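Peer 1: make a model of this:
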Amino acid sequence: AQTGRPGPVFVEVPLDVFKLPPAPLPPLPEPSPREIRPVRPSRQAIRDIAGELLRARRPVIFAGKGVLRNGAAAEVSSLAEALGAPVVVARDALGAIPARHPWYAGYLCFWSTDPWVKTVLRSADAVLVAGLRAESAFWKQVVAQTGTASRFFLGTDVKRRRLEGAIHQHRRTKSGMQFR
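Peer 2: Got it, this is the predicted structure:
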């Protein structure tokens with residue numbers, strides 16, 4: 001696919017179809033490109049999320065492959081450092097934070113997940129999910145693993161500076177609040 005979510009496409013054709021004689025195909029309609037506009041959170045929503053993350057005693061960041069696609073790996077690392085939050089990545093998002101980074105907690109996958117990763121997710125009281133499509137299989141796993149934690153979903157179009165700015169602004173306005 002070259003639009004929408006670019007990448008490889010899997011097409012399955014039953015073997016018996018290859019044995020059939022070719023039939024003329026009707027003309028295909030002209031494709032009509034659709035502009036997809038991401039929904040951007042309001043500044044107040046970002047301030048609210050930042051406040052919740054700062055109030056959390058055990059925040060966790062879950063990074064999907066949208067972080068890689070949008071070149072935001074460095075931003076995830078710096079946000080993890082600012083919040084003192086472990087980062088769990090989707091299996092297809094390895095590299096969203098370097099594996100040797102002190103806040104890297106591991107990756108989540110469908111067939112086998114390190115018990116430590118499950119412990120990190122289950123102990124979280126707030127989870128920031130970045131670069132992951134809502135209702136994806138990984139999203140459902142994050143929801144299942146985090147139980148009653150507050151979950152904040154940010155698409156990949158939120159600029160880190162806006163979120164970090166809101167975190168730092170919140171820190172200045174709430175005296176005594178410290179990064180962990």
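Peer 1: hey, let's count contacts and neighbours off CA atoms from now on
Peer 2: Will do.
Peer 1: can you map out the helices along this protein?
Peer 2: For the chain, the helices defined by DSSP state H cover 43-55, 65-69, 73-83, 115-123, 137-146, 160-173.
Peer 1: against G51, how distant is R5?
Peer 2: With the distance defined as C-alpha to C-alpha, to the nearest Å, R5 ends up 32 Å from G51.
Peer 1: so for those two, which sits in the more crowded spot?
Peer 2: More crowded of R5 and G51, by other C-alpha atoms under 10 Å: G51, with 18 against 9.
Peer 1: returning to what we had before: between the helices of the chain, which one is nearest to P31?
Peer 2: Proximity to P31 (C-alpha to C-alpha) singles out helix 65-69 among the helices of the chain, at 25.3 Å.
Peer 1: surely L121 meets I61?
Peer 2: No - using C-alpha atoms under 8 Å, L121 makes no contact with I61, being 9.3 Å away.
Peer 1: shared neighbours of those two, anything?
Peer 2: When contacts are counted by C-alpha atoms under 8 Å, 6 or more residues apart in numbering, the set common to L121 and I61 is empty.
Peer 1: circling back to that earlier point, which one of the helices of the chain lies nearest to W103?
Peer 2: Nearest of the helices of the chain (C-alpha to C-alpha): helix 73-83, 6.6 Å.
Peer 1: in the closest one, what counts as buried?
Peer 2: For helix 73-83, the neighbour count (16 or more other C-alpha atoms under 10 Å) marks 73, 75-77, 79-83 as buried.
Peer 1: any chance of the residues you listed in TSV, plus pLDDT and distance to G66?
Peer 2: Shown next, in TSV, are the buried residues of helix 73-83 (pLDDT from 0 to 100; distance: C-alpha to C-alpha, whole Å):
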residue	pLDDT	distance to G66
A73	90	10
E75	90	13
V76	90	11
S77	93	15
L79	90	16
A80	93	17
E81	93	20
A82	90	21
L83	91	21
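Peer 1: hmm, F138 is touching A90, no?
Peer 2: Yes - using C-alpha under 8 Å, F138 makes contact with A90 at a distance of 6.8 Å.
Peer 1: list residues touching both of these two?
Peer 2: Residues touching both F138 and A90 (C-alpha under 8 Å, 6+ apart) are 108-109.
Peer 1: so where's this protein shaky on pLDDT?
Peer 2: Along the chain, the model assigns pLDDT under 70 to residues 1-2, 36-39, 112, 134-135, 148-180.
Peer 1: can we see that at 50?
Peer 2: Along the chain, the parts satisfying pLDDT under 50 run over 156-162, 164-180.
Peer 1: centroid-wise, who is the farthest residue in it?
Peer 2: Of all residues in the chain, P21 has its C-alpha farthest from the mean position, at 46.1 Å, by C-alpha atoms, centre = their mean.
Peer 1: returning to that earlier point: distance to Y104 added to the helices of the chain, as JSON lines?
Peer 2: Formatted as JSON lines, the helices of the chain follow (distance: least, C-alpha to C-alpha, whole Å):
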{"stretch": "helix 43-55", "distance to Y104": "18"}
{"stretch": "helix 65-69", "distance to Y104": "15"}
{"stretch": "helix 73-83", "distance to Y104": "9"}
{"stretch": "helix 115-123", "distance to Y104": "10"}
{"stretch": "helix 137-146", "distance to Y104": "16"}
{"stretch": "helix 160-173", "distance to Y104": "18"}
